[in-house]
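Got a sequence here, can you model it:
(chains A and B)
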Amino acid sequence: MIHSLFLINNAGDLFLEKHWKSVVSRSVCDYFFEAREKAVEPDNVPPVIRTPHHYLINIYREKIFFVSVIQTEVPPLFVIEFLHRVAETFQDYFGECSETTIKDNMVIVYELLEEMLDNGFPLATESNILKELIRPPTILRSMVNTITGSSNVGDTLPTGQLSTIPWRRAGVKYTNNEAYFDVVEEIDAILDKSGTTVFAEIQGVIDACVKLSGMPDLTLSFMNPRLLDDVSFHPCVRYKRWESERVISFIPPDGNFQLMSYHISAQNLVAIPIYVKQNISFFETGPSGRLDITVGPKQTMGKTVECLVVTVHMPKVVLSASLNATQGTYNYDPVTKILVWDIGKLNPQKLPNLKGSLSLQSGAPKPEENPSLNIDLKIQQLAISGLKVNRLDMYGEKYKPFKGVKYVTKAGKFQVRT
Amino acid sequence: MSASSAFSDEKGGSASEPEYGHDPASGGIFSSDYKRHDDLKEMLDSNKDSLKLEAMKRIVAMIARGKNASDLFPAVVKNVACKNIEVKKLVYVYLVRYAEEQQDLALLSISTFQRGLKDPNQLIRASALRVLSSIRVTIIVPIMMLAIKEAASDMSPYVRKTAAHAIPKLHSLDPEQKDQLIEVIEKLLADKTTLVAGSVVMAFEEVCPDRIDLIHKNYRKLCNLLIDVEEWGQVVIINMLTRYARTQFLNPNINESLLEESSDKAFYASDDEEDEDKKAEVATLAKRKPYVMDPDHRLLLRNTKPLLQSRNAAVVMAVAQLYFHLAPKAEVGIIAKALVRLMRSHSEVQYVVLQNVATMTIKRRGMFEPYLKSFYIRSTDPTQIKILKLEVLTNLANETNISTILREFQTYIKSMDKDFVAASIQAIGRCATNIGEVRDTCLNGLVQLLSNRDELVVAESVVVIKKLLQMQPEQHSDIIKHMAKLIDNIQVPMARASILWLIGEYCEHVPKIAPDVLRKMAKTFNNEEDIVKLQIINLAAKLYLTNSKQTKLLTQYVLNLAKYDQNYDIRDRARFIRQLIVPTDKSGALNKYAKKLFLALKPAPILESPFKDRDHFQLGSLSHLLNAKAGGYQELPDWPESAPDPSVRNVEIPEWSKCTSRKDRKEKKVEKPFYSDSEGESGPTESADSESDTGSGSESASASDESGSGSESEESGEETESEEEEEDEEKEKKRKKRLDKTKAKKPAEESAESEQSSGTEDRKRGRKAVKNQKSASESESESESSESEDESEEEESEEESESDTDIRKKKTPVSKQPPKQSKKESKKETQEMSLLDLDDFEPAPASAPVTPVNFLSSSLVSDLEGLSLTDTILAPTTIAPSGLIKMYELLHRITGEGLAVEYCFSRQPFSPEPNMVAVQIQFTNNTNSETKNLHIEEPRMQSGMRIREFAEIDMLAAGESVTVVMGIDFCDSTQAANFQLCTHTRKFFVSIQPPVGELMTPAFLTENDFKKEQGKLMGMNEISEKLTLGEKCVNEHVIVERVTATANLSRVPCGSDKECSIPPPPPSAPVYRFAGKTVSSGCLVLVTVTTKEGGAAQLTVNCEKMVIGTMLVKDMMQALSQ
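Residues are numbered from 1 along each chain as shown, chains lettered A, B, ... in the order given. Below is the predicted model of the structure:
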């Protein structure tokens, strides 16, 4: 299936290669470079590139291109999903998935890749299994290792590999048994010029951090499970219990994981927490434009909107901006043409406003389109959909775990057209 | 990216080397300094593990960066037997990388692996096999073959998995071994562990994808294991099963697709109704047999469905394509939601999903219409995503949503991304061609774009306008004039060419401007692009033919210029046209046809989606994405004409007595499917809050498991298989009888299943208990199950002779059953007739006797009917006057925790509200305790539908039954009514879906009235089909009975008034008429059956509601042709 993998950074350096079958010359990447050049933006590189003898399937993550070489028919999503899993594993192991960390941990990366694929077919991708095979680096361990010469490689077969619960290892022990759940909801919305909602939906995830001893069997139930329109689960969740009873029953993996993600569709009414009044205009005469943006609270359910940021991708002809913000700071980058206004906390008494003029390149025609605004925000202790966790029960173990649920609402792809 | 060339050479990337924090010594020195390599060799030779490890790490880092480290081979290979496991692993990495280049030296390491293969530790066995098979050295092929064969029968499933992985490796190394490898694959396919399943199917796909026959015996097992297989294996298995199903089952949509083709399009007012039609999966035309889905086909669909909820996009996509290719149309819809969810994922995932959605939207537009807004485009999307979304939006456009879509498009046109703007304009063009209503609006919008400042936008608009104008040029001569003016400014060749072509084509509409344009073009001819030049010649020729007086000289001038053009195409064209249009004495016969040739009416172009017909590639595949066959792509076969023998999938009694070793059994234990509660009817009582209940249930179940002599995992697979089958039978009501035996077996299985669903702790406890009292286990299980499932006792004892002594026999596979069927059948009948014990009468199968009327002899029918009447003593006397009442199951006794609910359509008018359908519901309490407060809650209905609930039943004593009547206004649709059935403890979600025939009440008409009404319902309201009557439909009585059984209609008395005026019709062609009206809106439904000689007949249904008519025709056809 997957023949080889090349890691290439944004500047075009090929800094790691791994082959699972016979070696494919790295010159195959020339086709990739060609496509990369044509695409201008890194996210416009087609995920599948055809070359005379191979197919290149690539993903772009954390400023690194993961380019895999395929020779025969394989579902493209299979490869893409796997490459993302590789990136996630790196992130899990090294805290971040960047060129530097990969280079610093070259050997572990190589060992990981060796375990994750056998002959190009995924072998062990569960992070729990991998961590038993190859221990993640910690400062302490690397010190010990350099002194004693002992290794990062485990010498027993991970129990998970053999059980039907591959995501959990046996014999977990904690002194403090705790289970935390974060309900994170993101609002995806498109608002039009007049402020009416063109499209809005909620994407939610429940992230869990479960540190429980033994083999706990957890059941999470909601006050209002009917809200959830479409769900996807971590493999540990029993589908049928969900279908028949609308509860989430699972034996959790150890540590951090994403329990489920859900979708509340556009059919339901989605509360939009803020409104934006904007007026951006460019004038034919005189190289200038005017910008006036005000943000105010709309349906916040009595909570405070925090971390409010407005980002505007300006047209190419905008040279600079001289603006005045009543709250927060703004910054216009003339190279990327991005205007960022970091507002912070939204004060309903005194609405933040950004006003001023834009100067355009002289001689250039005025831009056809007004730029759209991308909004970022955060509301603590609120799930905007109204989803509420009812209770968490644990079976199978004797101790009393400490439980906690946290709600956060964020703006996802929240866009205001102008 | 200009640096790209620098990286293609081998020495590239040296700039990044000093960043190697991990091994400080390596900094930038390595490049070609082999003193450094000497250093490494020294370290490898030392006897300190830490030095070796350091050296190996540096070597691996070299490999990772693509440096050549092959000269270290001898030094490294020596360490293959090193004790330190990390050194060993790194040596393996090195070995696998370079063995191919250093074959002789590589052989030195082989003996180590051979020793490893015999190691008692399964991890070492597996890794030895893994490395051994990864070494691409042809000499060791026989060794590899032996190792694989041995590992394939290893005790450890992990080693067997590794063996499966090794198969494709060996195959690619030496294809000669294929036959032997297929044998190994066959063996491993029979493996019952989830761990092996994915890997062996992958090997199958790579080595022998065409040997579909190997799958037969393992098909059901694979389906059942699927949910527990790891995600990557799931993808491979699902893709393979899609192909398998295409060769083994019949097309579930065959009747629908033919129906659509047969010009019946007008029936369908909207897509929703169309879907409704499809729900009735029955045949329409007489020559076709009614379609019955193979239970195995259903099994596959059912077992893959939950995987739509997987977090892995590849799994979701695999299930989606399976449903798209295999499911009946009505069921395909469920994948839309999941696919839309994937759109939130990474942009690469979005890209692939959108490609597939684009293909799907062409065939099944309705599926994605509700999610239209999810495809709206954000300014921050990458261009390639934008363009794909645009494609989907265009495909989804129809009369109802076009206005919103066009409004969206309007904002897109203003985007800064010019490629995207061009694509939007084309999309508008396509919408305009497909939807006539908006053509003018679109055209006006596009004309406005002509004054856009951006030339690309203008050019694209011109091209699209040209295509649109071709559809109705007469009305738009002003647009053509406007475009003629543009030619002075537009520079884009394609746009110029389009304008010229337009003017030439419609020169008669703009007689004054055309010659002037030609004059201008003649002036600039030499500077134009080739494509424009060709169009200038074209324009000249056309003008010459229509208006030679004004343009003769100009044409000749242009042709002369073209004659000496550099491009030979243009020279050729000029020569050709000159010969054709300019009359000379030599010119041939074609001359007089010149006008016809040039000014023929051209068909308007059809703007098609580039995704049209892409679905001949399996969706989700690489080939589909590229729209070209990729290497190793397996064609998705067409559906077979007739179904191959389904019995090939039946499995013989497995011989599992072999594995008796203690250890083996232990391993098996762990492999028990985690999700086995997924078999549909899980016992909800088993949730851990009711401890006592669970305890006993699990105990009994695992007791019986244990007694199965340690082969329980195999057997449980077996069990579920047969169980699946049963459910199918039950649901589809296609098989005549249920088997007495399997029924009896059911409770036991059920508890076994629910046991697995309960927590692991319970399981363990249960097991412990079993170990303590193993000797008594058998009887224990017996007694306990009878305790909990009272009503099963009778049957249990019935077949005690078999089941009691040997439980394995009880699990006889289905294949063995058919011969016994008849015997059992009769046995059951007699039993039921003699014992009028209520407990004995199992509610679930009670639906069986009533099922297909025609299969049972009439006497038997009446017997059973009588029985069911005695059974429902408490029932009010509202029993339908004629024919049989078909009972449907609302809540199975297992799901309902002892409460069984059935319903039937009593065909009585519902007195409180006459426009409701009366539904008679029968509750049977099979538990030991009384059930209280039975009532209905939270009806969830389609708009307009209403429910009139029955009065709450305060108490239902144990073992008793009660019947109530409720009314449902279905609004003349076959949509299901969903509601909750509540007891004092539990709530059950149930739904009632009416057959179309139950949506009407008899209407009494005379023949004259009938004909009069029929005359009013002609044309689209009349559906007429020819059919062949079934063998039993010989006399009037049977036909009338069949029709009235299918639909609640009354017979129209015939002939009485006719006799006086016209002689009666010849007896050979009797006509039967039936009339009724729909319950909720009172529309007339008229059915006419005209029989002809030789069993042929014609069925005519007249009904204002076309959907009802169509569905009724389907049902009638099926009833009459049996």
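
Might you list the low-confidence residue ranges for the chain?
Assuming you mean chain A. Along chain A, the model assigns pLDDT under 70 to residues A:138-164, A:266-268, A:286-287.

Oops, wrong one, chain B.
Looking at chain B by pLDDT under 70, you get B:1-36, B:255-290, B:473-474, B:584-590, B:652-885, B:942-943, B:1034, B:1054-1069.

May I have the phi/psi pair for the residue of it at minimum distance from chain A?
Nearest residue of chain B to chain A: B:Ser50, at 2.7 Å (Cβ to the nearest Cβ). No exception for glycine: its C-beta is placed from N, CA and C like everyone else's. With angles defined as degrees, to the nearest 10, B:Ser50 sits at phi -60, psi -40.

cool, B:Glu86 as well?
phi -70, psi -40.

Just give the number of residues close to it.
Look at B:Glu86: counted by other Cβ atoms under 10 Å in any protein chain shown, it has 24 neighbours.

Surely B:Ala484 is in a helix?
Yes - judged by DSSP: H, G, I helix; E, B strand; the rest coil, B:Ala484 forms part of a helix.

can you tell me which residues contact it?
B:499, B:503, B:510, B:513-514, B:517 (Cβ atoms under 8 Å, 6 or more residues apart in numbering or on different chains).

redo that, cut-off 6 Å
Counting by Cβ atoms under 6 Å, 6 or more residues apart in numbering or on different chains, B:Ala484 touches B:503, B:513, B:517.

Could you do B:Arg160 as well?
Contacts of B:Arg160 (Cβ under 6 Å, 6+ apart): B:154, B:196.

Format the CA atom coordinates belonging to the helix or strand where it lies as CSV.
Assessed by DSSP states H and E, B:Arg160 sits inside helix B:157-173. What follows is helix B:157-173 as a C-alpha-only set of coordinates in CSV (Å, rounded to 0.1, in the frame of the first residue of the first chain):
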residue,chain,number,x,y,z
PRO,B,157,-3.2,-14.7,16.7
TYR,B,158,-0.5,-11.9,16.6
VAL,B,159,1.9,-14.3,14.9
ARG,B,160,-0.9,-15.3,12.5
LYS,B,161,-1.5,-11.7,11.8
THR,B,162,2.2,-11.3,11.0
ALA,B,163,2.0,-14.3,8.7
ALA,B,164,-0.8,-12.6,6.8
HIS,B,165,1.3,-9.5,6.5
ALA,B,166,4.1,-11.5,5.1
ILE,B,167,2.1,-13.0,2.3
PRO,B,168,2.1,-10.0,0.0
LYS,B,169,5.7,-9.5,0.7
LEU,B,170,6.6,-12.9,-0.5
HIS,B,171,4.3,-12.6,-3.4
SER,B,172,5.9,-9.4,-4.6
LEU,B,173,9.3,-11.0,-4.2
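
Now which of the contacts of B:Ala484 would you call buried?
B:503, B:513, B:517 (16 or more other Cβ atoms under 10 Å in any protein chain shown).

and those residues as a markdown table, adding distance to A:Leu269 and secondary structure?
Putting these into a markdown table (distance: Cβ to Cβ, whole Å; DSSP: H, G, I helix; E, B strand; the rest coil) gives the following:
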| residue | distance to A:Leu269 | secondary structure |
| --- | --- | --- |
| B:Ile503 | 53 | helix |
| B:Ile513 | 55 | helix |
| B:Val517 | 56 | helix |
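
In TSV, list those residues along with distance to B:Phe368.
Below are the buried ones among the contacts of B:Ala484 laid out as TSV (distance: Cβ to Cβ, whole Å):
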residue	distance to B:Phe368
B:Ile503	41
B:Ile513	45
B:Val517	45
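
Pick the one among these closest to B:Ser415.
B:Ile503 (31.0 Å; Cβ to Cβ).

show me what contacts that closest one?
B:484, B:514, B:517.

hmm, 7 Å instead?
B:480, B:484, B:510, B:514, B:517, B:539 (Cβ atoms under 7 Å, 6 or more residues apart in numbering or on different chains).

Out of the residues you listed, which is nearest to B:Pro914?
B:Ile480 (63.3 Å).

Please give the three-state secondary structure assignment for that closest one.
helix.

Is B:Gln114 in a helix, a strand, or coil?
Under three-state DSSP, the three-state class of B:Gln114 is helix.

Now look at stretch A:300-312 and say if it contacts chain B.
No - Stretch A:300-312 lies apart from chain B when judged by Cβ under 7 Å from any Cβ of the partner chain; the minimum separation is 9.3 Å.

ok, and what's touching that stretch?
Contact with stretch A:300-312 is made by A:273-274, A:293, A:295, A:297, A:338-346, A:371, A:373-382, as judged by Cβ under 7 Å, 6+ apart.

Stretch B:312-323 too?
Contacts to stretch B:312-323, defined as Cβ under 7 Å, 6+ apart, come from residues A:75, A:77-78, A:81, B:231, B:234-235, B:238-239, B:242, B:304, B:307-308, B:310, B:331-332, B:335, B:338-339, B:342, B:345, B:349, B:353, B:356, B:618-620.

Let's see which of those end up in helices.
The members of the contacts of stretch B:312-323 that map onto helices under DSSP state H are A:77-78, A:81, B:231, B:234-235, B:238-239, B:242, B:304, B:331-332, B:335, B:338-339, B:342, B:349, B:353, B:356.

Among the residues you listed, name the buried ones.
If we count by 16+ other Cβ under 10 Å, those have these buried: A:77-78, A:81, B:231, B:234-235, B:238-239, B:242, B:304, B:332, B:335, B:338-339, B:342, B:349, B:353, B:356.

nearest residue to residue 82 other than its sequence neighbours?
Defaulting to chain A. A:Pro122 (5.8 Å; Cβ to Cβ, 6 or more residues apart in numbering or on different chains).

oops, chain B please
B:Cys82 sits nearest to B:Lys88 (Cβ to Cβ, 6+ apart), 5.2 Å away.

what about the one you found, how many neighbours?
A count of nearby residues for B:Lys88, using other Cβ under 10 Å, gives 24.

Neighbours of B:Gln407, how many?
No Gln there; residue B:407 is Arg. So B:Arg407, with other Cβ under 10 Å, has 11 neighbours.

Sort out which residues of the helix or strand containing it are buried, please.
If you go by DSSP H and E, B:Arg407 is part of helix B:402-413. Neighbour-count burial for helix B:402-413, counted by 16+ other Cβ under 10 Å, picks out B:402, B:405-406, B:408-409, B:411-413.

Including distance to B:Ile212, could those residues go into CSV?
Below are the buried residues of helix B:402-413 laid out as CSV (distance: Cβ to Cβ, whole Å):
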residue, distance to B:Ile212
B:Ile402, 45
B:Ile405, 44
B:Leu406, 48
B:Glu408, 46
B:Phe409, 47
B:Thr411, 51
B:Tyr412, 47
B:Ile413, 51
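
residue closest to the middle of chain B?
In chain B, the centroid-proximal residue (Cα atoms, centre = their mean) is B:Tyr323; its distance is 0.2 Å.

Next, the residue lying closest to B:Arg940 once chain neighbours are set aside: secondary structure please.
Among residues not flanking B:Arg940 along the chain, B:Asn978 sits closest, at 4.5 Å (Cβ to Cβ, 6+ apart). When classified by three-state DSSP, B:Asn978 comes out as strand.

Tell me what B:Asn978 is bridged to.
B:Arg940, B:Ser991 (DSSP bridges).

ok, it - how many residues close by?
Using other Cβ under 10 Å, B:Asn978 is surrounded by 17 other residues.

ok, now B:Leu999?
For B:Leu999, the neighbour count with other Cβ under 10 Å is 27.
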